[in-house]
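A.B. asks: what's the 3D shape of this:
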Amino acid sequence: MDVLSAIKGRRSIRKYKDKSIEEEKLQKVLEAARLSPSAKNMQNWKFIVVRDEEIKKKLVDEAIKQPFVNEAPVILVCCGTETESRMKCGQYRYTVDLSIATAYMILEAYEQGLGTCWLGSFDEEKAKEILGIPEGVRIVTITPLGYPDETPSPRSRKALDDIVCYDRYK
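C.D. replies: From the prediction side, this is the model:
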């Protein structure tokens, strides 16, 4: 599969099959994160693979509030371990780095026949407490990972002419 096909085909999955993920497929998803670029190649990140049913239930009940998340056999939690450093442009390195790593993981997941749903609606402090994440480490992204039970239709996208300008902002 080429990258653009994966980008076009990937969907946010909110219904998962009751089927475990083969270790080889999980490792490929995690390898995609490991190989993703990071500012100054610092790789200031940790990826928590949550499989324990009790921990997953606590995350859903106390932090995520989205019941479909617990249908997936795995929840991936992507953390920035050095959260003070900014790039010259003013952006925090860890948010950019973890966004890239998450994007790589969700594309590799799609390649492996798996589904994800990038979650931004969670209580970071509660999630950190549940997962034993130390002070100073930030959760940037959370995604369930599993076999899709239902794949939504594509959503409309703006035309390139609406979002691209050349040489100057217009």
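A.B. asks: could you use CA atoms for every contact and neighbour count after this?
C.D. replies: Will do.
A.B. asks: tell me which residue is most central in this protein.
C.D. replies: By Cα atoms, centre = their mean, the mean C-alpha position of the chain lies nearest to residue 102, the distance being 4.0 Å.
A.B. asks: rounded mean pLDDT for stretch 137-152, please.
C.D. replies: Mean pLDDT, stretch 137-152: 97.
A.B. asks: with just CA atoms, put that stretch into CSV.
C.D. replies: C-alpha atoms of stretch 137-152 as CSV (Å, rounded to 0.1, in the frame of the first residue of the first chain):
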residue,chain,number,x,y,z
VAL,A,137,5.7,14.0,31.9
ARG,A,138,2.7,15.0,29.6
ILE,A,139,0.2,12.8,27.8
VAL,A,140,-0.1,14.2,24.3
THR,A,141,-2.3,11.5,22.6
ILE,A,142,-4.3,8.4,23.4
THR,A,143,-5.7,6.0,20.9
PRO,A,144,-7.5,2.7,21.2
LEU,A,145,-6.0,0.0,18.9
GLY,A,146,-7.8,-3.0,17.5
TYR,A,147,-9.6,-4.6,14.7
PRO,A,148,-12.4,-2.4,13.3
ASP,A,149,-15.9,-3.8,13.7
GLU,A,150,-17.4,-1.0,11.8
THR,A,151,-15.7,1.4,9.4
PRO,A,152,-17.4,4.8,8.8
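A.B. asks: give the contact list for the residue nearest to the centre of the chain.
C.D. replies: By Cα atoms under 8 Å, 6 or more residues apart in numbering, the contact list for residue 102 reads 33, 78, 141.
A.B. asks: and these, which are buried?
C.D. replies: 33, 78, 141 (16 or more other Cα atoms under 10 Å).
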